[in-house]
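Undergrad: One predicted model, sequence on top.
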2 protein chains.
Amino acid sequence: MGVLERVGTARAKPAKPAKLATLPLDTIIQEDCVAAMARLPDKSIDMIFADPPYNLQLGGDLFRPEGGRVDAVTDAWDRFDTFEIYDRFTRAWLKEARRILKDDGTIWVIGSYHNIFRVGTQIQDAGFWILNDIIWRKANPMPNFKGTRFTNAHETLIWASKAEKARYTFNYRAMKGLNDDVQMRSDWSLPICSGGERLKDEEGHKTHPTQKPESLLYRVLLAATKPGDVVLDPFFGTGTTGAVARRLGRRWIGIEREDAYVKAARARIAATLPLDESAMAVMPEKRSEPRVAFGLLVESGMVPPGTILTDAKRRWRVRVQVDGSLSGEGSQGSIHKLGAILQGAPSCNGWTFWHAEEMGALVPIDAMRQRHLAGMA
Amino acid sequence: MGVLERVGTARAKPAKPAKLATLPLDTIIQEDCVAAMARLPDKSIDMIFADPPYNLQLGGDLFRPEGGRVDAVTDAWDRFDTFEIYDRFTRAWLKEARRILKDDGTIWVIGSYHNIFRVGTQIQDAGFWILNDIIWRKANPMPNFKGTRFTNAHETLIWASKAEKARYTFNYRAMKGLNDDVQMRSDWSLPICSGGERLKDEEGHKTHPTQKPESLLYRVLLAATKPGDVVLDPFFGTGTTGAVARRLGRRWIGIEREDAYVKAARARIAATLPLDESAMAVMPEKRSEPRVAFGLLVESGMVPPGTILTDAKRRWRVRVQVDGSLSGEGSQGSIHKLGAILQGAPSCNGWTFWHAEEMGALVPIDAMRQRHLAGMA
DNA sequence: TCGGTGCGTGAATCTCGGA
DNA sequence: CTCCGAGATTCACGCACCG
């Protein structure tokens, strides 16, 4: 045990709680997560999925451009006074998680830049062996309303085994099958949880501020567990993990303190039907891969800044700027916008409108995009 | 200051090195990165881009802690020792980085799951304020040959300012321009460095194992610096940062120990030509444009007093007063204030909210401002 | 029934300069 | 330091409603 651990545990040890003789399968334990885990037996869990508080540290209200107010995560359970307190909390639940996990089990933790670096450090310090970090690329994130940063469009998951040599479960073929028969990558494009899947109370307010999409848990459970495996979620919330586990024929245990979340989760899981085994193999998924922006061709050097573009009839001449915008004829804007302005049209497809000279011939910039796409493949 | 800091600094302080009087601009300092940074003056650097090593040679001199090592090397001790050494190294270079960074400067660090969680934690502990974590999604990553994990298809960048309230540079409009006029997200799909861009020695071996693509640095520098800004790269390698900085009209300083890398970087950067200045102009930030008071348009006769303005849906009708204020619907105030009052919103951009009728069409008064600005130029 | 439009909303560390 | 006011700022979906 290292320095960090010794510093963290320099206090009186609580009396050891009595361990449960059997696992409380397919139930929710309504209790603090560390206390509840402390009563589970050693090396009894196949996989842990944890969605701990992110410690967002939000400021005041944030208003949208049209005047609406963002419904932010202001719940008390997400507030920690200092990083040190957050770290102590993380160490405490990770310690129990490690104890109850089977030697060949794995742990998944999801977070954002507010907390994931601290969690990842603690995971490594606790002796876990990181297998992958996974990026959940949100297909439809909330924009950055004030134009102050990049749109925060992803969350990070850490997947780790108990030790470097552990023989963990990874259903390689299933993942490849989910991904059109090419290896599943470490970045997953999935929509956020909305629409009918999002749990709401009688007044239409979301039951939980951070409900995760079932598609995310579907992929996690399908990748790293076998049918019948026991999955523990120590921050159960409204029970996405339990619902998907049930659907996929896995056993589950949830730990959750908040009464409202527990009630919602129980009802939800009761209404979830296990999949027929024949249906479990294939599950359609939404693909939404990134588009190609004109700026990408500029960054990659395919269209150098300073390049002169014209329309097919050479009526207008404009110059490509470093940021991929076009400048000339008294205006500046995107390939689409400037084409529209010059033609006096409401809109314009800049890809087919603008041309570059290549060996004496005018080539639409769309041809370069096709070339770029071919080069990526 | 937390526990981590106290543990890390329990040793004698080295004598303070003499500071350089002027910045060694557009040069490579061939030296250990901490020692070289220690000679740079306080608050002199606009941006730092760091690609620190994580495959540390633990037998080497640099990262070995002085004395007091434990002989009994259990797996746990060995692991912890490794992380502790890496953390100490990270703290050391981050401390110097923070000192030489201007108060409104920013730092970028790139890494993978092996080291990025530790670096991110140290960044937060050092007092930096994380602005975004950015995912470089590799368009063409190396597959996982053994089929034991997900294809490791991304790297993570952390972008941070020196403090929460710092006024850092973010060229929002330029990033939006690069991305077909929609906000740039936190996930960037870019190809890895290969083909002609990849530096190779005479025998065709790659010069540097982890050469970063210029497209990545292009986006980083375009997002977070202005022309003429000073960019420091303390792990310069083969000089991607310097090459792109030169191309984009930024000043650069590189620190690198390895002779082969330094030579390759010098030749590479010398062969890189700066872009023409006319291509360097990015989409201007609205905030930096000269302010035009609405009253100026009234004074100049462009919007005569008495003109009727409405919102886009003609829900409200107000009249322009001689002083440039608006009056109607039972209220009076500036274009912004009255728009906010009528909508019941906390704020409102009157320039885009209010419209005047011109030849049968509703035109936002912002169009008149643009016309006025064009007339001035 | 079908397509078009409009509205609501999502783990958010979300302005800035001058008095 | 605070306070105040100008003015800059949003993307992808799901769903309700309407013609």
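TA: Looks like it arrived, so ask away. Numbering: from 1, shown residues only, chains lettered A, B, ... in the order given.
Undergrad: so A:Gly249 sits right up against A:Asp229, yeah?
TA: No - using CB atoms under 8 Å, A:Gly249 makes no contact with A:Asp229, being 9.2 Å away. For every residue, glycine as well, the C-beta is placed using N, CA and C.
Undergrad: Compare these two and say which is more crowded by neighbours.
TA: Neighbour comparison, A:Gly249 and A:Asp229: the larger count goes to A:Asp229, with 20 against 17 (by other CB atoms under 10 Å in any protein chain shown).
Undergrad: ok, now which ones touch that one?
TA: A:Asp229 makes contact with A:46-47, A:169, A:250-251 under the criterion CB atoms under 8 Å, 6 or more residues apart in numbering or on different chains.
Undergrad: any chance of those residues in CSV, plus secondary structure and pLDDT?
TA: Below are those laid out as CSV (DSSP: H, G, I helix; E, B strand; the rest coil; pLDDT from 0 to 100):
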residue, secondary structure, pLDDT
A:Asp46, strand, 98
A:Met47, strand, 98
A:Thr169, coil, 97
A:Arg250, coil, 96
A:Arg251, strand, 98
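Undergrad: Identify the farthest-apart pair in these.
TA: Greatest spatial distance among those (CB to CB): A:Thr169 and A:Arg251, at 14.4 Å.
Undergrad: how about low-confidence regions in chain A?
TA: Confidence mapping of chain A against pLDDT under 70 gives the ranges A:1-15, A:276-291, A:376-377.
Undergrad: Just the element for A:Leu58, please.
TA: Using DSSP states H and E, A:Leu58 sits within no helix or strand.
Undergrad: Residue in the stretch 51-200 of chain A with the shortest distance to DNA strand D?
TA: Distance from DNA strand D to each residue of the stretch 51-200 of chain A (CB to the nearest atom of the strand) is smallest for A:Gly195, at 2.9 Å.
Undergrad: and that residue, how many neighbours does it have?
TA: By other CB under 10 Å, the residues close to A:Gly195 number 7.
Undergrad: give the contact list for it.
TA: Taking CB under 8 Å, 6+ apart, one finds nothing in contact with A:Gly195.
Undergrad: any idea how far it is from A:Thr238?
TA: In this view, A:Gly195 and A:Thr238 are 15 Å apart by CB to CB, to the nearest Å.
Undergrad: before we move on, what about A:Gln183?
TA: In this view, A:Gln183 and A:Thr238 are 32 Å apart by CB to CB.
Undergrad: out of the two, which sits in the more crowded spot?
TA: When A:Gln183 and A:Thr238 are compared for neighbours, A:Thr238 comes out ahead with 29 against 17, by other CB under 10 Å.
Undergrad: Provide a list of residues in contact with that one.
TA: Going by CB under 8 Å, 6+ apart, A:Thr238 touches A:199, A:207-208, A:211, A:261, A:264-265, A:268.
Undergrad: what pairs with A:Ser189 across the strands?
TA: A:Ser189 has these beta-bridge partners by DSSP bridges: A:Arg137.
Undergrad: Run a quick neighbour tally on it.
TA: When neighbours are counted by other CB under 10 Å, A:Ser189 registers 19.
Undergrad: Test my guess that it contacts A:Ala139.
TA: Yes - using CB under 8 Å, A:Ser189 is in contact with A:Ala139, at 5.7 Å.
Undergrad: Point me to the residue of the stretch 251-377 of chain A nearest chain B.
TA: The minimum distance from the stretch 251-377 of chain A to chain B, using CB to the nearest CB, falls at A:Gly295 (3.0 Å).
Undergrad: Can you give me the neighbour number for that residue?
TA: So A:Gly295, with other CB under 10 Å, has 30 neighbours.
Undergrad: does any bit of the helix or strand where it lies sit next to DNA strand D?
TA: Using DSSP H and E, A:Gly295 maps to helix A:294-299. No - residues of helix A:294-299 are not located near DNA strand D by CB under 7 Å from any atom of the strand, the shortest gap being 13.3 Å.
Undergrad: after that helix, next one along is what?
TA: strand A:308-311.
Undergrad: now for whichever helix or strand comes after that next one, which elements pack on it?
TA: The helix or strand immediately downstream of strand A:308-311 is strand A:317-320, counting by DSSP H and E. In this structure, strand A:317-320 makes packing contacts with strand A:308-311, strand A:326-328, judged by 3 or more CB pairs under 8 Å, 6 or more residues apart in numbering or on different chains; DSSP states H and E.
Undergrad: ranges for the helices of the stretch 251-377 of chain A?
TA: Along the stretch 251-377 of chain A, counting by DSSP state H, counting those that start in this stretch, helices occupy A:259-270, A:294-299, A:335-343, A:350-353, A:365-376.
Undergrad: Dump these into a markdown table; add distance to A:His154 as well.
TA: Putting the helices of the stretch 251-377 of chain A into a markdown table (distance: least, CB to CB, whole Å) gives the following:
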| stretch | distance to A:His154 |
| --- | --- |
| helix A:259-270 | 25 |
| helix A:294-299 | 18 |
| helix A:335-343 | 26 |
| helix A:350-353 | 27 |
| helix A:365-376 | 20 |
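Undergrad: and those helices, which is most packed in?
TA: Stretch with highest mean neighbour count among the helices of the stretch 251-377 of chain A: helix A:294-299 (a mean of 26; mean count of other CB atoms under 10 Å in any protein chain shown).
Undergrad: Buried ones in the helix or strand harbouring A:Gly177, by neighbour count?
TA: For A:Gly177, the host element (DSSP H and E) is helix A:172-178. Within helix A:172-178, the residues scored as buried using 16 or more other CB atoms under 10 Å in any protein chain shown are A:172, A:174-175, A:178.
Undergrad: Three-state assignment for A:Trp77, please.
TA: A:Trp77 carries the three-state label helix when classified by DSSP: H, G, I helix; E, B strand; the rest coil.
Undergrad: Next up, the contacts around the residue nearest to A:His355 when sequence neighbours are not counted.
TA: Leaving aside its chain neighbours, A:His355 sits nearest to A:Leu362 (4.0 Å; criterion: CB to CB, 6 or more residues apart in numbering or on different chains). Residues counted as contacts of A:Leu362 (CB under 8 Å, 6+ apart) are A:310, A:312, A:314, A:355-356.
Undergrad: Up against DNA strand D, what does the stretch 101-250 of chain A have?
TA: A:139-147, A:151, A:191, A:194-196.
Undergrad: So which of those residues wins on neighbours?
TA: A:Thr151 (20 neighbours).
Undergrad: got the contact list for it?
TA: A:Thr151 makes contact with A:141-144, B:183-186 under the criterion CB under 8 Å, 6+ apart.
Undergrad: Throw the residues you listed into CSV and include secondary structure, thanks.
TA: CSV is the format used below for these (three-state DSSP):
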residue, secondary structure
A:Pro141, coil
A:Met142, coil
A:Pro143, coil
A:Asn144, coil
B:Gln183, coil
B:Met184, coil
B:Arg185, strand
B:Ser186, coil
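Undergrad: Tell me the one among those nearest to B:Ala245.
TA: B:Met184 (20.0 Å).
Undergrad: Hmm, the closest one is touching A:Phe150, no?
TA: Yes - using CB under 8 Å, B:Met184 is in contact with A:Phe150, at 5.4 Å.
Undergrad: returning to that earlier point: quick one: the helix holding A:Gly177 to chain centroid distance?
TA: In terms of CA atoms, centre = their mean, to the nearest Å, the centre of helix A:172-178 is found 19 Å from the chain centre.
Undergrad: Same check on stretch A:351-363?
TA: Offset of stretch A:351-363 from its chain centre (CA atoms, centre = their mean): 40 Å.
Undergrad: Please name the spatially closest residue to A:Leu40 (chain neighbours excluded).
TA: The spatially closest residue to A:Leu40, leaving aside those adjacent along the chain, is A:Ile100, at 4.6 Å (CB to CB, 6+ apart).
Undergrad: wait, what's in contact with the one you found?
TA: For A:Ile100, the contact set (CB under 8 Å, 6+ apart) comprises A:37, A:40-45, A:232.
Undergrad: Quick one: which of those residues is the most crowded by neighbours?
TA: Ranked by neighbour count (other CB under 10 Å), the contacts of A:Ile100 have A:Leu232 at the top, with 30 neighbours.
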